[in-house]
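Participant: I would like the atomic coordinates for the input below:
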Amino acid sequence: MRHAPLVFEEVACSLCGSIRSAPFLTGPDRVHGIPGQFTLRRCRACGLIYQNPRPSAGSLAAIYPPDYGPYQDAAISRATLHPDWRRLCDFVARTHPRPGRLLDIGSGAGTFLAAMRLRYPAWSLTGIEPDPRAATLARRSGATVIEATLDAAPLDEREWDAVTLWNVLEHLPDPLAALRRARSLLRPGGVIYLTVPLCDSWDARLFGPYWCGWELPRHFYAFERPTLEILLRRAGLRIASDACLAGIEYHVTESMRLLIAERVRRFTLRRLGVALTYSRPLRLAILPYLRLAAARGRSTALTIAARPGD
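Facilitator: Okay, here's the model as predicted:
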């Protein structure tokens, strides 16, 4: 498959504005094979890790190919089956027990919306998704979706009880601006929900460059807990509740697949190794590690409920 050449732009740290940074990690696109090497740098002023140079706004479509996972209709059918989505739905319902209006930013093919609609039908649900293919798939499943970016979407302020950004912040050119916009949409008592992969997690340290949470070049940021907390404070938000939801094995098994695909040279062994990562025995074997990582707050995925600060 031929890929359109990317146009890159140099950027400053979006959190503090500094242009002083140090190389942190360089690697290829191990998931979709977009050509090139992509570099993360750490801001010398605030510590934020961000991609620089990064694909420009005009190149964004080129780094999200047609087979990008969240844009597939198969993801919708998995929503009713996979415990990861049920856990996110339950987290929302537990921390916001009174149903209301929910806006899902970066809704993809509508996976979370489908799961939430089935599990908690009293909520009124709307998605925002800039990709026309994904937005169309979400609508086919019955979701209400606005096809736009967050900054361009025609949304009234102070109209939403919950705003969700599941694995979205790390993809955005300016996550601080996105959080401030999301905050402006909340009604009094409203909550912003987000999940991000943490690069100071045990998974990231275990798998190094093969950790699936890097996902270069689509992830413009690699968050650590301290920089994520700074980001939320500067957006005028405070953490009301957070959780590393136990039992989510995807980040470990996907990282295993990336490592095996690159490091195991013999084709037969490589196929067997990848097949093993999908097996129930392996999932059961890593469950104690997953539970311990979650209990210590060291899982890849950190889920947060944040409210406007006082």
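
Participant: Test my guess that residue 260 contacts residue 273.
Facilitator: Yes. Assessed by C-beta atoms under 8 Å, residue 260 is found in contact with residue 273 at 4.1 Å. Bear in mind the C-beta positions are built from the backbone N, C-alpha and C, glycine included.

Participant: For the stretch 151-300 of the chain, give me the ranges with low pLDDT.
Facilitator: Applying pLDDT under 70 to the stretch 151-300 of the chain flags the ranges 246-247.

Participant: For stretch 138-155, which residues meet the burial criterion?
Facilitator: 138-139, 141, 143, 145-147, 149-150, 153, 155 (16 or more other C-beta atoms under 10 Å).

Participant: Okay, and which of these map to helices?
Facilitator: 138-139 (DSSP state H).

Participant: And the buried residues of stretch 138-155, which is closest to residue 46?
Facilitator: Of all the buried residues of stretch 138-155, residue 46 sits closest to residue 150, with 23.2 Å by C-beta to C-beta.

Participant: Got phi/psi on the nearest residue to residue 248 once chain neighbours are set aside?
Facilitator: Of all residues beyond its chain neighbours, the one nearest residue 248 is residue 84 (5.2 Å), with distances taken as C-beta to C-beta, 6 or more residues apart in numbering. Backbone torsions for residue 84, taken as degrees, to the nearest 10, come to phi -60, psi -40.

Participant: Return the per-residue confidence for residue 84.
Facilitator: Turning to residue 84, the model gives it a pLDDT of 82.

Participant: tell me the contacts of it?
Facilitator: Going by C-beta atoms under 8 Å, 6 or more residues apart in numbering, residue 84 touches 245, 248, 250.

Participant: next one: residue 15
Facilitator: 43, 46, 48, 176, 227, 230-231, 234.

Participant: mind redoing it with 6 Å?
Facilitator: By C-beta atoms under 6 Å, 6 or more residues apart in numbering, the residues touching residue 15 are 46, 48.

Participant: how close does it sit to residue 161?
Facilitator: Distance, residue 15 to residue 161, by C-beta to C-beta, to the nearest Å: 28 Å.

Participant: what's the answer for residue 249, then?
Facilitator: 31 Å.

Participant: Check residue 250 too.
Facilitator: Distance from residue 250 to residue 161, by C-beta to C-beta: 29 Å.

Participant: With respect to residue 238, which of the buried residues of stretch 138-155 is nearest?
Facilitator: residue 150 (21.2 Å).

Participant: could you measure the closest one against residue 181, distance?
Facilitator: 6 Å.

Participant: With residue 219 instead?
Facilitator: In this view, residue 219 and residue 181 are 20 Å apart by C-beta to C-beta.

Participant: higher neighbour count, these two?
Facilitator: residue 219 (24 against 18; other C-beta atoms under 10 Å).

Participant: Show residues contacting the helix or strand hosting residue 163.
Facilitator: For residue 163, the host element (DSSP states H and E) is strand 160-166. For strand 160-166, the external contacting residues (C-beta under 6 Å, 6+ apart) are 96, 100-105, 112, 182, 185-187, 190-195.

Participant: Give the next helix or strand downstream of the longest strand along the chain.
Facilitator: If you go by DSSP state E, the chain has its longest strand at strand 186-197. Next along the chain after strand 186-197, taking DSSP H and E as the criterion, comes helix 202-207.

Participant: which parts of that following helix are buried?
Facilitator: Using 16+ other C-beta under 10 Å as the burial criterion, the residues of helix 202-207 that qualify are 202-204, 207.

Participant: Give me the distance from the strand holding residue 163 to the chain's centre.
Facilitator: Put simply, strand 160-166 sits 14 Å off its chain's centre (C-alpha atoms, centre = their mean, to the nearest Å).

Participant: Quick check: which helices or strands does the helix or strand where residue 268 lies pack against?
Facilitator: Under the criterion of DSSP H and E, residue 268 resides in helix 267-277. The helices and strands touching helix 267-277, judged by 3 or more C-beta pairs under 6 Å, 6 or more residues apart in numbering; DSSP states H and E, are helix 250-263.

Participant: Remind me what the helix it packs on packs against, helices and strands.
Facilitator: Packing partners of helix 250-263 (3+ C-beta pairs under 6 Å, 6+ apart): helix 202-207, helix 267-277.

Participant: Okay, and the beta partners of residue 50?
Facilitator: Taking DSSP bridges as the rule, residue 50 bridges to residue 41, residue 221.

Participant: Equivalent analysis for residue 22, please.
Facilitator: residue 42.

Participant: any idea how far it lies from residue 50?
Facilitator: Between residue 22 and residue 50 the computed distance is 12 Å (C-beta to C-beta).
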